[in-house]
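Trainee: coords please:
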Amino acid sequence: MDKNITIAVDAMGGDGSPKKVIDGIVDHNKKSKNVKYLIFGDSEIILNHIPKSFEKKNYEIIDTKNCVQGKDTPLEAAKRGKNTSMWLSIESVKEKKADIVISAGNTGALLVISKLNLKMIENIDKPALSALWPNKIGMSVVLDLGANIECNEKNLIDFSIMGASIFKSLFPEEKPKVALLNIGSEEIKGNEILKNTYQKMSQIKNSDFEFKGFIEGNQLMNGDVNVIVSDGFTGNVALKTAEGTANFITNELKKVFKNNFLGKLSGLINYLNLKNFKKRLDPRLYNGAIFIGLDSPVVKSHGSTDYIGFSNSLSVCEKIVKGDLINKIKNNIYREN
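Mentor: Numbering: from 1, shown residues only. So this is what the prediction gives:
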């Protein structure tokens with residue numbers, strides 16, 4: 001029998017909230033029957049978007065009129081006080097009222113408020129922001145995507161262990177294969193931190209993941225590895241580059257198939273193939289970045305996603321809890337320290 005899970009939801013963060021958040025919850029509930037949602041936000045507005053058919057046993061609304069604004073700096077968000085929907089949702093995880101928290105709100109504010117409320121896992125110095133990327137044969141976990149501009153050898157090793165734990169929680173039938181993002185695949189390439197990390201990672205005897213060395217940017221989607229580790233600066237550049245490339249290819253294909261009669265005819269003939277291609281690159285399917293390293297999991301949904309993307313990020317929450325992510329990280333971190 002599946003474990004009952006409680007997800008704390010900041011309903012007021014991101015574009016189109018709380019409607020898209022509530023629609024995402026309702027959609028997710030159709031697929032998952034053992035999840036309860038603690039919904040934080042303006043109860044009057046939220047209730048207007050909850051369909052009458054959605055059973056009350058599935059959710060609880062915690063009313064607050066205050067919310068973090070998208071334009072707030074992290075400091076301004078923290079100064080708004082402890083009555084914002086974001087703060088209260090994170091606090092509910094701290095108080096063990098929920099298993100995990102999710103927000104589509106201000107990323108910087110979410111990271112800061114999470115660090116103010118939640119403790120770091122022992123022996124981890126810095127948290128990291130991770131996400132799922134598609135590759136040729138499946139999915140990869142990539143971290144850090146911007147939480148830490150500078151990292152030392154220990155940070156990168158910790159990220160490797162945490163990334164492998166995320167992958168194992170989400171895909172329990174597969175073995176994590178870890179690589180460090182670098183300017184070349186040879187041992188002599190890269191800065192001293194990367195080279196030193198390579199040497200230390202090569203000596204780790206961990207049966208829970210396999211270290212595959214360095215990986216270059218043009219190999220990220222090959223599927224040879226499924227956990228890709230970097231500092232936050234490099235990871236964020238790689239993320240934005242990949243997103244921009246995907247958007248460019250999609251837009252150029254649209255132009256080609258709408259340009260003239262032959263293009264339209266070709267598009268019609270290849271409709272199913274194009275539909276599958278579009279689905280493969282649909283960012284909503286990979287929505288849900290994970291702020292990892294704290295003693296409770298925090299998930300960040302993209303602020304501009306729709307209800308389908310938010311529903312998928314709730315599925316990530318569910319898999320993380322069922323996969324016992326935090327204990328996996330603790331066991332592996334303690335083993336290496």
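Trainee: what stretches of the stretch 1-150 of the chain score poorly on pLDDT?
Mentor: Of all residues in the stretch 1-150 of the chain, those with pLDDT under 70 make up the ranges 1-2.
Trainee: Next, the buried residues of the helix or strand hosting residue 255.
Mentor: In the assignment (DSSP states H and E), residue 255 maps to helix 232-258. By 16 or more other Cβ atoms under 10 Å, the buried positions in helix 232-258 come out as 232, 234, 235, 236, 238, 239, 242, 257. All C-beta spots, glycine's among them, are computed from the backbone N, C-alpha and C.
Trainee: Out of the residues you listed, which comes closest to residue 149?
Mentor: Checking the buried residues of helix 232-258 against residue 149 by Cβ to Cβ gives residue 232 as the nearest, at 5.4 Å.
Trainee: List the contacts of residue 168.
Mentor: Applying Cβ atoms under 8 Å, 6 or more residues apart in numbering, we find residue 168 in contact with 174, 176, 208, 209, 323, 328.
Trainee: how much space between the first one and residue 226?
Mentor: Between residue 174 and residue 226 the computed distance is 7 Å (Cβ to Cβ, to the nearest Å).
Trainee: Can you flag which of the contacts of residue 168 belong to helices?
Mentor: Among those, the members falling in helices (DSSP state H) are residue 328.
Trainee: Now which of the contacts of residue 168 would you call buried?
Mentor: Buried by 16+ other Cβ under 10 Å: 176, 209, 323, 328, out of the contacts of residue 168.
Trainee: Please identify which two of those are farthest apart in space.
Mentor: Farthest pair in those (Cβ to Cβ) is 209 and 323. Separation: 14.6 Å.
Trainee: Hmm, residue 90 is touching residue 8, no?
Mentor: Yes. Using Cβ atoms under 8 Å, residue 90 makes contact with residue 8 at a distance of 7.4 Å.
Trainee: Mutual contacts of these two, please.
Mentor: Residues touching both residue 90 and residue 8 (Cβ under 8 Å, 6+ apart) are residue 101.
Trainee: All the strands of the stretch 51-200 of the chain, residue numbers only.
Mentor: Counting by DSSP state E, counting those that start in this stretch, one finds strands in the stretch 51-200 of the chain at the ranges 59-63, 100-103, 128-134, 139-143, 177-181.
Trainee: which strands and helices sit next to the second one?
Mentor: Going back to what we said before, that points to strand 100-103. When contacts are defined as 3 or more Cβ pairs under 8 Å, 6 or more residues apart in numbering; DSSP states H and E, strand 100-103 packs onto strand 5-10, helix 85-94, strand 298-300, helix 307-322.
Trainee: residue contacts, residue 17?
Mentor: Neighbour list for residue 17: 11, 41, 104, 105 [criterion: Cβ under 8 Å, 6+ apart].
Trainee: Neighbours of the second one, how many?
Mentor: Translated: residue 41. By other Cβ atoms under 10 Å, the residues close to residue 41 number 28.
Trainee: Next, work out how far apart the nearest residue to residue 29 once chain neighbours are set aside and residue 315 are.
Mentor: The shortest distance from residue 29 to any non-neighbouring residue, by Cβ to Cβ, 6 or more residues apart in numbering, is to residue 58 (5.8 Å). Between residue 58 and residue 315 the distance is 16 Å, computed by Cβ to Cβ.
Trainee: ok, residue 32 - contacts?
Mentor: Residues in contact with residue 32 (Cβ under 8 Å, 6+ apart) are 314, 315, 318.
Trainee: My error: substitute residue 22 in the last question.
Mentor: Contacts for residue 22 (Cβ under 8 Å, 6+ apart) come out as 11, 39, 46, 49, 50.
Trainee: Out of those, who's the most crowded?
Mentor: residue 11 (32 neighbours).
Trainee: Go ahead and confirm that one touches residue 19.
Mentor: No. Look at residue 11 against residue 19 with Cβ under 8 Å: they stay out of range, at 9.4 Å.
Trainee: Can you tell me which of the contacts of residue 32 is nearest residue 122?
Mentor: Looking at these and their distance to residue 122, the nearest is residue 318, at 26.0 Å (Cβ to Cβ).
Trainee: got a pLDDT number for that closest one?
Mentor: Residue 318 carries a pLDDT value of 93.
Trainee: likewise residue 206?
Mentor: On pLDDT, residue 206 comes in at 68.
Trainee: same question, residue 324
Mentor: We have a pLDDT of 88 for residue 324.
Trainee: I figured it hits residue 169, correct?
Mentor: Yes. Taking Cβ under 8 Å as the definition, residue 324 is a contact partner of residue 169 at 6.8 Å.
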